[in-house]
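S.K.: Okay, predicted coordinates and the sequence, questions at the end:
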Amino acid sequence: MQILILNGPNLNRLGLRKPEMYGTKTMAQILLDIQQKWPDVHFVYRQSNHEGDLIDWIQSINDEMSAAAPLNGDASLNDVKGIVLNAGGYSHTSVALRDAVEESEVPVVEVHISDITKREPFRQVSLLTDVCAQSIIGVGTDCYAQAVKWILNEKKY
């Protein structure tokens, strides 16, 4: 069983960028914590500052389930049970990403480290929330573990 974790723009800077808002944990530390908590789950992690990459990766899951080519040459991802998506700033701006999420054949859990409802007005609305299976916001970097737990419980594994 696999879970895909996708991070959007600037999330490669976790632990360095605005630690007072996003914390001091790097994504490598977050992934290690998650892997230790669920050692039987294979986590595939991707991060990009480019909107199209995120869309391609989400669509690749659907293609893989339809027996198309594997995601960027990775081993088969037809066992992906869910996607944890922190789209960063694209959450508030990308209709194209929203459309890809809406089409997803596996549940997508939207996560935000900060509480976007208490941020600048342009960050308070996510275009993804209503097309995601679940949204977890404002709980710090624990949002990733909570999203994995939701996927595992939802899928009853």
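M.R.: Received it, and whenever you're ready, just let me know what you need. Values in this document were obtained by computation on a predicted structure and should not be read as measured data.
S.K.: which residues in the protein form strands?
M.R.: If DSSP state E is used as the criterion, the strands of the chain fall at 2-7, 42-47, 80-86, 108-112, 134-137.
S.K.: For the residue nearest to Ile58 when sequence neighbours are not counted, list the residues it contacts.
M.R.: Distances taken as Cβ to Cβ, 6 or more residues apart in numbering place Ala100 nearest to Ile58, at 4.4 Å, with adjacent residues excluded. For the C-beta atoms, the positions are set from N, CA and C on the backbone; glycine is no exception. Contact analysis of Ala100 by Cβ atoms under 8 Å, 6 or more residues apart in numbering lists 54-55, 58-59.
S.K.: just Ile151 next, same as before
M.R.: Contacts of Ile151 by Cβ under 8 Å, 6+ apart are 3, 81-82, 84, 107, 109.
S.K.: ok and the helix ranked longest in the chain relative to strand 108-112, angle-wise?
M.R.: When secondary structure is assigned using DSSP state H, the longest helix within the chain turns out to be helix 51-65. Helix 51-65 runs at 150 degrees relative to strand 108-112, counting by axes from the mean of the first three to the mean of the last three Cα atoms, to 10 degrees.
S.K.: centre of the chain versus helix 51-65, how much separation?
M.R.: 12 Å (Cα atoms, centre = their mean, to the nearest Å).
S.K.: got the CA positions of it in PDB?
M.R.: Presented in PDB, the C-alpha positions along helix 51-65 are these (Å, rounded to 0.1, in the frame of the first residue of the first chain):
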ATOM      1  CA  GLU A  51       1.900  24.000 -10.700                       C
ATOM      2  CA  GLY A  52       1.900  21.600 -13.700                       C
ATOM      3  CA  ASP A  53       4.100  19.100 -11.900                       C
ATOM      4  CA  LEU A  54       1.500  18.800  -9.200                       C
ATOM      5  CA  ILE A  55      -1.300  18.300 -11.800                       C
ATOM      6  CA  ASP A  56       0.800  15.700 -13.700                       C
ATOM      7  CA  TRP A  57       1.500  13.700 -10.500                       C
ATOM      8  CA  ILE A  58      -2.200  13.600  -9.500                       C
ATOM      9  CA  GLN A  59      -3.200  12.700 -13.000                       C
ATOM     10  CA  SER A  60      -0.500  10.000 -13.100                       C
ATOM     11  CA  ILE A  61      -2.300   8.100 -10.300                       C
ATOM     12  CA  ASN A  62      -5.500   7.900 -12.500                       C
ATOM     13  CA  ASP A  63      -3.400   6.900 -15.500                       C
ATOM     14  CA  GLU A  64      -1.600   4.300 -13.400                       C
ATOM     15  CA  MET A  65      -4.900   2.900 -12.300                       C
END
